[in-house]
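Asks: let me see the structure of the following:
(one chain, ligands or ions: 1)
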Amino acid sequence: MRFAFIFVLLAMVAPASGIAWATDGPADGYVAEGVYRKTYGDLAIYAIADRLGRLDFSIVKGLSAQEIAKLASPSPELDKTSLTSYVSFFLIKSPAGLFVVDAGLGQADMAKTLEKAGFSGEEATDVLLTHFHGDHVNGLLAGPNPVFPKATVWASVVEDQYWLKDGAGGRGQNAAEKLAPYIKAGRYKTFEPGQEIKPGVKAVELYGHTPGHVGFLFESGDLEFLAWGDVVHAYLLQFARPDVTMTYDVDPQKAKETRAKVLGEAAERGYLVAGAHLPFPSLGQVKKGPAAGQGLSYVWDKELK
Ligand SMILES: [Zn+2]
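Replies: Below is the predicted model:
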């Protein structure tokens, strides 16, 4: 009888899967396949792997295949014509809400992906969009239905103007479709960079990759956490050479100026950085790199303290 009682008690406290659960939720680290969690004070940050693909050399502007190979070598992510390409998005749980930074491509079942992190789409209070490219907005919908039905979706005024307003033509069609149910429900809002969206969450102007591209700076205690969207696409190239641009950049000149500026700032201030196309878990820090002769160079440090 007593043994049976102990067995029942053990069954009650044992984890439901192979994951080690702390009292307040999953422990830091990989909490499921493609879901990485890191907590700092009252912020819990979840990086979600959305897609792994290849970034073809033809997308890189201003470097020959030989120069790319030289910069990226000897990484296993490099082959003769391409580099590994990552798409991630982020959930941030703070006292001010449950924030989703970008929605990814949404190729996988979004409900199941969020469930792996321990959330449902209904719990999200705010979706913060860095810009309107498909790999950042497509996950807003599952079929015709909003994945985050109770959330407010936020974008910069300039991004809204460029893709959705008069003169945008067909270029904004995809974003308009993905935002439509949120706009209809009165759950779409725009902001000016510099604006505090919620307590401890501020939009930061990072124009260039797209005209209204922004990042989101979360502050909690001593921590400054910047989710910077697409400041860097090819980390093996663009930390060492911030002047290298991609064919996707709407304004390449502005994109490289923004990258040089924010890399310097991130290294100086010790930001924790999240980037949609950084190697999974797409979280880390920017460090100053060796002088390269073409301006300042940086390195990506994905070791998390
Ligand atoms: Zn992107």
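Asks: can you pull up the bridge partners for Leu141?
Replies: Assessed by DSSP bridges, Leu141 has beta-bridge partners Pro146.
Asks: wait, doesn't it sit right on Val147?
Replies: Yes. With contact taken as CB atoms under 8 Å, Leu141 and Val147 are classed as touching, separated by 6.4 Å. Where C-beta positions appear, they are placed from N, C-alpha and C, glycine not excepted.
Asks: mutual contacts of the two, please.
Replies: By CB atoms under 8 Å, 6 or more residues apart in numbering, Leu141 and Val147 have these common neighbours: Gly106.
Asks: those two: which is more packed in?
Replies: Val147 (24 against 20; other CB atoms under 10 Å).
Asks: quick check: which ranges of the protein have low pLDDT?
Replies: 1-26, 291-294 (pLDDT under 70).
Asks: count of neighbours near Arg259?
Replies: Other residues within reach of Arg259 by the criterion other CB under 10 Å amount to 27.
Asks: could you find the closest non-adjacent residue to it?
Replies: Across the structure, with CB to CB, 6 or more residues apart in numbering as the measure, the residue nearest Arg259 apart from its sequence neighbours is Pro242 (4.6 Å).
Asks: that neighbour and the ion: what is the separation?
Replies: When distances are taken as CB to the ion, to the nearest Å, Pro242 and the ion turn out to be 17 Å apart.
Asks: that residue is in contact with Gly289, isn't it?
Replies: No. Because the distance of 10.0 Å does not satisfy CB under 8 Å, Pro242 is recorded as not touching Gly289.
Asks: common neighbours of these two, please.
Replies: Residues touching both Pro242 and Gly289 (CB under 8 Å, 6+ apart) are 296-298.
Asks: nearest to the ion among those residues?
Replies: For these, the minimum distance to the ion (CB to the ion) is 19.6 Å, reached by Tyr298.
Asks: tell me how many other residues crowd the closest one.
Replies: By the measure other CB under 10 Å, the count of residues near Tyr298 is 24.
Asks: quick check, the residue in the stretch 51-200 of the chain closest to the ion?
Replies: Shortest the stretch 51-200 of the chain-to-the ion distance, computed as CB to the ion: residue-wise this is Asp135, at 4.4 Å.
Asks: residues from this protein in reach of the ion?
Replies: Applying the criterion CB under 5 Å from the ion, the portion of the chain that neighbours the ion consists of 135, 230.
Asks: please list all residues in contact with the nearest residue to Pro290 once chain neighbours are set aside.
Replies: Closest residue to Pro290 in three dimensions, ignoring its sequence neighbours and counting by CB to CB, 6+ apart: Ser297, at 6.1 Å. Under the criterion of CB under 8 Å, 6+ apart, the contact list for Ser297 reads 239-242, 288-291.
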